[in-house]
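Novice: Need a 3D model of the sequence below.
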Amino acid sequence: MDRVFTFRFAYGVGEHRDTKHGERFGEGALAGRKAVLSVTVGGLEPHCAARGTGGTVDDLLFPIQHGILHYPGIEVLSPFLLYGADRMTGEDCPGVARAWEQRLLTPESTEPIPLRRQNSGDYEIPSLHLREGLEPAGRTGFGPHVRR
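Specialist: Predicted coordinates for the structure are as follows:
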């Protein structure tokens, strides 16, 4: 990614002033493009739930989806997840391949993850802290950076 996501190409663009802090997190050189991650998980889906041993997939993938893809402006689609990949048999493969193919054929009709844009008014400039009152009190972590 370092060869593509370079300074002054994918990030570090736009002016910085009192009401805008560059063009990133939903804005920038790669705006208008979409990305989807394909992720295989050895565990079962319940293992990756809020109270599962692996934590939520949303939390695990947030640094990639938000910090790498959304940062230069890419719209991020929900990931294609394959749980129990280590338990798959040859008989499972055609169905998984069809599901992945279908997913790849529908990017225009798939709503992106509603990640907040940096200069949308949701964040205070220049501190880049999420404005008070946009999320329920006490909600922390990555969740508040996704519009609900």
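Novice: For D122, give me the pLDDT.
Specialist: Here the pLDDT value assigned to D122 is 93.
Novice: ok, it - contacts?
Specialist: Remark: with contacts taken as Cβ atoms under 8 Å, 6 or more residues apart in numbering, D122 is in contact with R116, L130, R131, L134, R147. In this view, the C-beta of every residue, glycine as well, is placed from N, C-alpha and C.
Novice: Which residue in the residues you listed has the weakest pLDDT?
Specialist: Within these, L134 has the lowest pLDDT, namely 87.
Novice: hmm, back to that, pull the most distant pair out of the contacts of D122.
Specialist: Pairwise distances across these peak at 12.5 Å for R131 and R147 (criterion: Cβ to Cβ).
Novice: neighbour-wise, which of those two wins?
Specialist: R147 (13 against 10; other Cβ atoms under 10 Å).
Novice: which one is the more buried one nearest to, not counting chain neighbours?
Specialist: P114 (4.1 Å; Cβ to Cβ, 6 or more residues apart in numbering).
Novice: Just give me the neighbour total for that neighbour.
Specialist: P114 has 12 nearby residues by other Cβ under 10 Å.
Novice: Contacts made by the longest helix seen in the chain with the rest, please.
Specialist: Determined from DSSP state H, the single longest helix within the chain is helix 93-104. With contact meaning Cβ under 8 Å, 6+ apart, helix 93-104 is reached by V36, S38, F80, L82, M88, T110.
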